[in-house]
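Visitor: coordinates only, sequence not included:
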C-alpha cells in the first residue's frame with residue numbers, strides 16, 4: 001500500500017469522530033434553546049389567571065437569599081494582626097515579660113522581712129560602720145534606717161563638731177567613732193580601741209546575758225556635693241581642696257579599716273563560738289553615677305573624683321577578694337531627700353544626694369569677660385539641661401526605701417553583685433554614656449559652637465616668685481600650691 005492510500009484511509013477514519021462531535025454540539029445547542037423556550041412558556045402560563053390552579057404550571061423558584069458576611073470576631077482579628085506584625089509582636093512580648101518579671105521581683109522584695117540578727121534575749125549583735133560625714137542627708141537617713149532594723153551604727157567622725165552632730169540624732173545605738181585620719185598613729189589607736197570594743201562581751205541591759213558583737217559592714221559614703229564650673233575658672237587651690245576632701249579622705253578612711261577587715265577578730269576571753277564561723281565583713285562604696293557615666297562639660301570635679309573612686313574600688317575589690325571580703329560598688333542615681341534636706345537647699349522635690357541647686361546665668365557674672373565669652377552660653381545651657389544635672393523634669397527621685405532594701409540585701413548576703421545601680425537615672429545614664437556618641441550627647445545638653453572669642457589680654461604675671469633666688473623653687477616631680485598666691489586665683493584673673 002502506497003503512502004497516498006494510507007493518507008486517504010486516515011481521512012476516512014477521522015470522519016465519524018468529527019460527525020459525532022458536530023452532532024453533539026448541535027444537540028447541546030438545541031437542548032439549551034428548548035430549555036429556554038420551555039422556561040419562557042412556563043413563566044407565561046404561570047402568570048395567566050384564567051388557567052385553573054390544577055393545570056397552571058409553577059413558576060421558577062426565587063433564588064436563595066444572599067448570605068451577608070458576618071463580622072470577624074476579636075480573636076481572628078488579633079491573629080491576623082499578629083501575622084502581619086511579627087517583629088512588633090515579639091518586642092511587645094519581650095517588654096511585657098520584662099515588666100511582669102520586674103513586678104514579681106519588686107513585689108517579692110517588698111514582702112521580704114529585713115531585720116538584723118539578734119541574740120535570744122533580743123540584744124543587738126551586728127555592727128555597721130558608716131565612713132561618711134554626718135552632714136550628709138544620706139548618712140543620717142541610712143543610719144536611722146539601719147538602727148531601726150536592729151544594727152548598732154557607728155559614724156566615723158574626724159572632728160569634735162562631727163561627734164556633736166551624731167549626738168544630736170539622739171539614738172542610743174547610733175554612736176560616733178572618732179578617727180583622725182590626718183594622724184596615722186592616732187588613727188591606728190582608734191581602730192585598736194574599736195577592735196577591743198568588738199572583742200569585749202556586752203549586755204543589752206544590766207544583769208542580762210552578755211554577747212559578742214560582730215562587724216557586719218563598712219559603708220564608705222564620700223562627699224556628694226561638687227562644684228560645676230569651667231576648668232579654666234577653677235582656682236588650683238579648689239582642686240587641691242577637692243582632692244583632699246572628696247578623694248584622699250575616703251581613701252585614707254578605708255585604708256585605716258583594712259587591718260581590722262583583713263584580720264579575724266576573736267574574743268579576748270573564753271567563748272564557746274569559733275571566730276572562723278563568723279561571716280566576713282563587707283565593704284560598700286557609694287558614688288554618684290549620673291554625672292560620671294556621661295562626663296558632661298563643666299563637671300570636671302565630680303567626673304574626676306568619681307572616676308578615681310570607681311578605679312580605687314575596682315582595685316580594692318581585687319585585693320580583698322582572695323581574703324573572702326566582698327566589696328560592692330553602689331552607683332547612685334537621684335533620690336527624694338525632701339525629708340532630710342533643709343528647705344533652703346531644695347530646688348525641687350527630686351534632690352540628688354547632696355546636690356545643691358543647679359547654677360544659673362547669675363553665676364557667670366562673677367567670671368572674667370574672656371571666660372564669659374568662651375563658656376558662658378554653653379555653661380548656662382548645660383546647667384539647665386536635664387541630662388547634665390541628672391534631673392528628670394516632672395518626676396520625683398526614687399524613694400529612699402529602694403536604697404535601704406538594696407543595702408540590707410547586700411549586708412545579709414542575698415545580693416552578691418559587685419556593682420549595684422539604684423536610684424532614678426542610674427541605669428539610664430549608664431546606658432546613655434556607654435552607647436550614645438559624645439557629639440549627640442553634647443548637642444542634647446545644648447553645647448553649641450562659639451564663633452566669637454575675646455581678644456587676648458596679658459595678665460602681667462611676674463616672671464619669678466619671691467625667694468626663687470634662694471633655691472626654694474619646687475622640684476620637677478610636683479607642683480606646689482601656695483595659698484597666699486592662689487587663694488582665689490585662676491588663669492583668667494589678672495594678678
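Guide: Okay, I see it. Worth saying up front: this structure is predicted, and the values here are computed from it rather than measured.
Visitor: in this structure, which ranges drop under the pLDDT threshold?
Guide: Applying pLDDT under 70 to the chain flags residues 1-20, 58-61, 66-72, 266-278, 339-363, 386-395, 454, 457-495.
Visitor: can you do 50?
Guide: For the chain, the stretches with pLDDT under 50 are 269-276, 344-345, 347-358, 464-495.
Visitor: mind listing the strands in the stretch 351-495 of the chain by residue range?
Guide: For the stretch 351-495 of the chain, the strands defined by DSSP state E, counting those that start in this stretch occupy 419-422.
Visitor: and the gap between residue 90 and residue 96?
Guide: Here the criterion is CB to CB, to the nearest Å. By it, residue 90 lies 11 Å from residue 96. C-beta: built from backbone N, CA, C; applies to glycine.
Visitor: Hmm, I typed the wrong one, I wanted residue 368.
Guide: Applying CB to CB to residue 368 and residue 96 gives a distance of 57 Å.
Visitor: quick one, which of those two is more surrounded?
Guide: residue 368 (18 against 10; other CB atoms under 10 Å).
Visitor: any idea how far stretch 194-202 is from the chain center?
Guide: 39 Å (CA atoms, centre = their mean, to the nearest Å).
Visitor: Show the backbone phi and psi for the residue lying closest to residue 381 once chain neighbours are set aside.
Guide: Nearest residue to residue 381, sequence neighbours excluded (CB to CB, 6 or more residues apart in numbering): residue 446, at 2.9 Å. Backbone torsions for residue 446, taken as degrees, to the nearest 10, come to phi 90, psi 20.
Visitor: got a list of what residue 446 touches?
Guide: Shown in contact with residue 446 (CB atoms under 8 Å, 6 or more residues apart in numbering): 378, 381-382, 384-385.
Visitor: how about the residues you listed, which pair is most distant?
Guide: Longest distance between any two of the contacts of residue 446 is 11.3 Å, between 378 and 384; criterion CB to CB.
Visitor: who's more crowded, the two?
Guide: residue 378 (19 against 16).
Visitor: Relative to residue 304, how far out is that one?
Guide: 19 Å.
Visitor: Over to residue 283?
Guide: 23 Å.
Visitor: And the two? Which one has more around it.
Guide: Applying other CB under 10 Å to residue 283 and residue 304 shows that residue 283 carries more neighbours, namely 24 against 19.
Visitor: In three-state terms, label that one for me.
Guide: Look at residue 283: counting by DSSP: H, G, I helix; E, B strand; the rest coil, its state is strand.
Visitor: my read: it touches residue 316, true?
Guide: Yes: here residue 283 reaches residue 316: they are 7.1 Å apart, a contact under CB atoms under 8 Å.
Visitor: tell me, what's touching the two both at once?
Guide: 254, 327.
Visitor: Burial check on residue 306, number of neighbours?
Guide: Counted with other CB under 10 Å, the neighbours of residue 306 add up to 25.
Visitor: Give me the secondary structure label for it.
Guide: Strictly by three-state DSSP, residue 306 counts as helix.
Visitor: mind checking how far residue 119 is from residue 211?
Guide: For residue 119 relative to residue 211 (CB to CB), the value is 5 Å.
Visitor: Then residue 87?
Guide: When residue 87 is compared with residue 211 (using CB to CB), they lie 61 Å apart.
Visitor: out of the two, which sits in the more crowded spot?
Guide: Relative neighbour count places residue 211 above the other of residue 87 and residue 211, with 18 against 7, counting by other CB under 10 Å.
Visitor: How is this protein partitioned into domains?
Guide: 76-107, 189-456 (automatic domain parsing).
Visitor: what kind of secondary structure is residue 175 in?
Guide: Quick answer, by three-state DSSP: residue 175 is strand.
Visitor: can you pull the contacts of it?
Guide: Taking CB under 8 Å, 6+ apart, one finds 152-155, 166 in contact with residue 175.
Visitor: What distance do you get for it to residue 142?
Guide: 15 Å.
Visitor: could you show me where the helices are in the stretch 351-495 of the chain, in order?
Guide: 369-371, 377-383, 386-389, 400-411, 426-435, 438-444, 483-486 (DSSP state H, counting those that start in this stretch).
Visitor: scratch that, the stretch 201-350 of the chain
Guide: Under the criterion DSSP H, counting those that start in this stretch, helices of the stretch 201-350 of the chain are mapped to 236-242, 249-261, 290-294, 300-320.
Visitor: for the ones you listed, which one sits closest to residue 51?
Guide: helix 290-294 (99.7 Å).
Visitor: Which neighbouring elements make contact with that closest one?
Guide: The contact analysis (3 or more CB pairs under 8 Å, 6 or more residues apart in numbering; DSSP states H and E) places helix 290-294 against helix 300-320, helix 426-435.
Visitor: Can you tell me which helices and strands the longest one packs against?
Guide: Packing partners of helix 300-320 (3+ CB pairs under 8 Å, 6+ apart): helix 236-242, helix 249-261, strand 282-288, helix 290-294, strand 327-332.
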